[in-house]
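J.: Here is a sequence with its predicted model. Questions after.
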Amino acid sequence: MKYRLSIILVFFQLMAGPLAVKAQDSTMDKLRVEAQQRFDNLDYTGALSAYRQLLARFSKEPEYLHKTGVCLIKLNQDQDEAINLMRLATLSGYDPMSWYYLGRACHLNYLFDDAIKAYSRFIIQGKAQDIKILEIERQIEMAKNGIEFTHSGRTVSVQNTKKLSMQQLENASEINGSGKLIRKPAEFCSKKDLRSGYRPLVFLPAYTEINEHIYVAGYQKTSKPGKQIFRVKNINHVNWGLPEPLDNMINTPYDDEYPFFDVKASVLYFSSKGHASMGGYDIFKSVYDWNTKTWSKPENMGFPINSPYDDFVFITDEFSHTASFASNRSTGPGQAMLYRIKLEQDTTGIRFFNVDEIRKASQLLVEVSPQADNNNPVSIQAAETVIKPETIPIPEIQVAISPEIQAVTPKDNYNKVLAGALILQLKADSLSRIVREKRLLARDTPDEELKKQLVADIIQADKDAKRIQREADKKFIEAGNMKKPESPAEDMHDSAVVMAKEIGGTRVYQYNSGTLPDEPGEQVPQPEKQSEPAANEVLTTQAKVQNFAILEQSPYGPSNPITEGLASHSGLVYRIQLGVFSKVRPYDAFGGISPVSFEQVSGSSMLKYYAGLFYSLNTVMIALETVRSKGYPDAFIVAFLDGKPITTEKAREVEFEGFRL
């Protein structure tokens, strides 16, 4: 009897496995069908959720990589992740459209050079019809314009912002000017407008007696493609003439829309996908000459007013002191951000040194000016996002000195040296990022010609990065020597690596933190306890103990594995990224470097490995040199604020806010 029961149990166990697998496969099949249906119906939010689940199960499936990336691009979410997914999709050869979407994601993320390369590859591999419909050659032109316009930017003071739906733009009270935005009256619409249901926004001035024309957008009666700009004659403030198109100085073969005519300045502001646009709609202005009845060549309003996204509805107030405009750069589908800016007379170009600076400037953030009070508008200069020696965006460097007393002081010297160090570090970080990205691409690409070009680029960028990094290190050391500590304890805070002990001729290093105040009852971590804290542990900012050592051998093994997941720490912390790998590394992969932890890259199977935990730039930079000397030349610094990753630029701003001389 017992024998029969055993046979029955074994039988059911054998049957249970295939049934469970079959049930799981059935679930995946249903999810796959749902994802495809949502994708086909342009429900990218629902499709993204479904494809993420599929990608978690099938991390290398080209279709899921491609369509997850498309959803992110369509929803204007996480362009960095979209780029990574599309790069993997292009390597698989799944669909030539992956090259287009890779170019699109790079374009929107201000990686114009990479966008041009991806668009060019799509021209080679894509279908002729798709290349024509998507106007790829025009996309390449706009990416080239983006390179030109983001070499420098203009000063922009942002007074306030507001997110609206596109429908809410009509009659929005935040719009500048004496008048209002309305839908184009049916009387001004052409038959083609009415057939296509096109009723664009029109600015209707409050004082029509001083406006000889009203400016509107629409389709021409002819077969000429694209939306054009027209003007309608004001006959007697009640009756109006027929819409007449503006000449080719304004209208292009591409879409031209959202006209606003500043009658006092005789300036027409409009948005266009033609002219020298850097992507989507850019805002342009053209001056009307009343004597010759001609328009001047349209001038791009420049970065950061314009972006690779759609920028439109630029309207000035009646005194030309402020302007408002809309953009979809920081919003989802069907939304727009409305910006009110102060019109500055000084439009001196501000240089940008890397893509992080460009992205930050493009955000057009509003911050409280130190001089602002209840009677003054709140503003920020977008140019402050650019690191310049004379306008470094950290408190100790923004020192106002009257022209009468320009004598050089120790404080001035310190500020200048530190500013120069920050500029060099940003350049080095940018070049290092380029090296890392191109090295991954070169490793995976099957195209030998592309690989040769990438290798040449990597060698040059790596050489420049190391040279600039050495210059930056010297500047930081010089600035550190110039900074006088307020107390002996403060001086010890940024102390360098010290030798803890020597084992068998091998020196063991750690950071001297004995002078830091400890929490009551809390012990300072010792070298033999180097493992990463639990992922749910949060360290207080008072216990800022640098955690790093080079041991004789790896402290990790089966009983003490490398920690998976990064602990959450309040405030600013630095780590050293050792590398990105496709599979879990052996316990002794990093020698005696300790502590080591890793996390999985979102949306992929790749793993990032990190070393150490640091609370100051000075200590992590010294540790970085040690790590690189141990066989990790591509290691670099990463920063986290309250558990969230931030750029090294932002980290320096946060850390150096405490340096007040």
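T.: Thanks, I have it.

J.: In a strand, Gly612, correct?
T.: Yes - assessed by DSSP: H, G, I helix; E, B strand; the rest coil, Gly612 belongs to a strand.

J.: which residues touch it?
T.: 546-548, 574-576, 593, 595, 620, 623 (Cβ atoms under 8 Å, 6 or more residues apart in numbering). For glycine as for every other residue, the C-beta is placed from the backbone atoms N, C-alpha and C.

J.: Out of the residues you listed, which comes closest to Ala456?
T.: Ile576 (27.9 Å; Cβ to Cβ).

J.: Which elements pack onto whichever helix or strand the closest one is part of?
T.: Using DSSP states H and E, Ile576 sits within strand 572-581. Judged by 3 or more Cβ pairs under 8 Å, 6 or more residues apart in numbering; DSSP states H and E, the packing partners of strand 572-581 are strand 607-614, helix 617-629, strand 636-641, helix 648-656.

J.: who wins for proximity to Asn76 among those?
T.: The nearest among the helices and strands packed on strand 572-581, by Cβ to Cβ, is helix 648-656 at 21.6 Å.

J.: Rounded mean pLDDT for that closest one, please.
T.: Mean per-residue pLDDT for helix 648-656: 72.

J.: cool, stretch 606-615 as well?
T.: pLDDT averaged over stretch 606-615 gives 90.

J.: so what's Asn109 closest to, chain neighbours aside?
T.: Leaving out its chain neighbours, the residue that sits closest to Asn109 by Cβ to Cβ, 6 or more residues apart in numbering is Gln79, at 4.1 Å.

J.: Would you mind giving both backbone torsions of the one you found?
T.: phi -60, psi -30 (degrees, to the nearest 10).

J.: tell me the contacts of it?
T.: 72-73, 105, 108-109.

J.: what's the spacing between it and Leu111?
T.: 9 Å (Cβ to Cβ, to the nearest Å).

J.: Then Ile458?
T.: Taking Cβ to Cβ, one finds Ile458 at 16 Å from Leu111.

J.: Over to Gln139?
T.: For Gln139 relative to Leu111 (Cβ to Cβ), the value is 13 Å.

J.: same check, this time on Leu613
T.: Counting by Cβ to Cβ, the gap from Leu613 to Leu111 is 31 Å.

J.: before we move on, what about Ala479?
T.: 32 Å.

J.: Show the pLDDT at Met492.
T.: The predicted local confidence for Met492 is 34.

J.: coming back round to it: got CSV for the helices and strands packed on strand 572-581, with distance to Ala172 too?
T.: Formatted as CSV, those follow (distance: least, Cβ to Cβ, whole Å):
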stretch, distance to Ala172
strand 607-614, 44
helix 617-629, 44
strand 636-641, 34
helix 648-656, 32
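
J.: So which of the ones you listed is nearest Glu552?
T.: The nearest among these, by Cβ to Cβ, is helix 617-629 at 14.8 Å.

J.: Neighbour count: Ile458 and Leu111, which is higher?
T.: Higher neighbour count among Ile458 and Leu111: Leu111, with 26 against 18, using other Cβ atoms under 10 Å.

J.: That one contacts Val355, correct?
T.: Yes - using Cβ atoms under 8 Å, Leu111 is in contact with Val355, at 6.5 Å.

J.: mind listing what Lys117 touches?
T.: Gly103.

J.: Just say helix, strand or coil for it.
T.: Under three-state DSSP, Lys117 comes out as helix.

J.: For it, give its distance to Glu318.
T.: Distance from Lys117 to Glu318, by Cβ to Cβ: 47 Å.

J.: Could you do Lys451 as well?
T.: Taking Cβ to Cβ, one finds Lys451 at 59 Å from Glu318.

J.: What of Val366?
T.: From Val366 to Glu318 the distance is 23 Å (Cβ to Cβ).

J.: likewise Gly279?
T.: 31 Å.

J.: the more surrounded of these two?
T.: Shown here are Gly279 and Glu318; by other Cβ under 10 Å, Gly279 has more neighbours (24 against 15).

J.: The more buried one against Met142, yeah?
T.: Yes - contact criterion Cβ under 8 Å: Gly279 and Met142 qualify, at 4.8 Å.

J.: Can you work out which residues contact both of those two?
T.: 107, 308.

J.: From the contacts of Gly612, which shows the smallest pLDDT?
T.: At the low end of pLDDT for the contacts of Gly612 is Gln546, which has 71.

J.: Tell me how many other residues crowd that one.
T.: Going by other Cβ under 10 Å, the residues that sit close to Gln546 add up to 25.

J.: I'd guessed it sits against Leu613; true?
T.: Yes - Gln546 is within contact range of Leu613, at 7.0 Å (criterion: Cβ under 8 Å).

J.: for the record, mean pLDDT for stretch 283-299?
T.: 93.

J.: and if you look at stretch 365-382?
T.: 48.

J.: residue contacts, Arg436?
T.: Applying Cβ under 8 Å, 6+ apart, the residues near Arg436 are 634, 636.

J.: So it belongs to a helix, correct?
T.: Yes - the assignment for Arg436 (three-state DSSP) places it in a helix.

J.: what pLDDT does it get?
T.: 71.

J.: Same question for Arg443.
T.: The model's pLDDT for Arg443 equals 74.

J.: How about the one 10 residues further on?
T.: Model confidence at Gln453, expressed as pLDDT, equals 82.

J.: Ok, Ala20 next?
T.: pLDDT, read off for Ala20, is 54.

J.: cool, and Ile401?
T.: Predicted confidence (pLDDT) for Ile401: 29.

J.: now Ala534
T.: Reported pLDDT for Ala534: 41.

J.: try Val497
T.: For Val497, the predicted pLDDT is 42.
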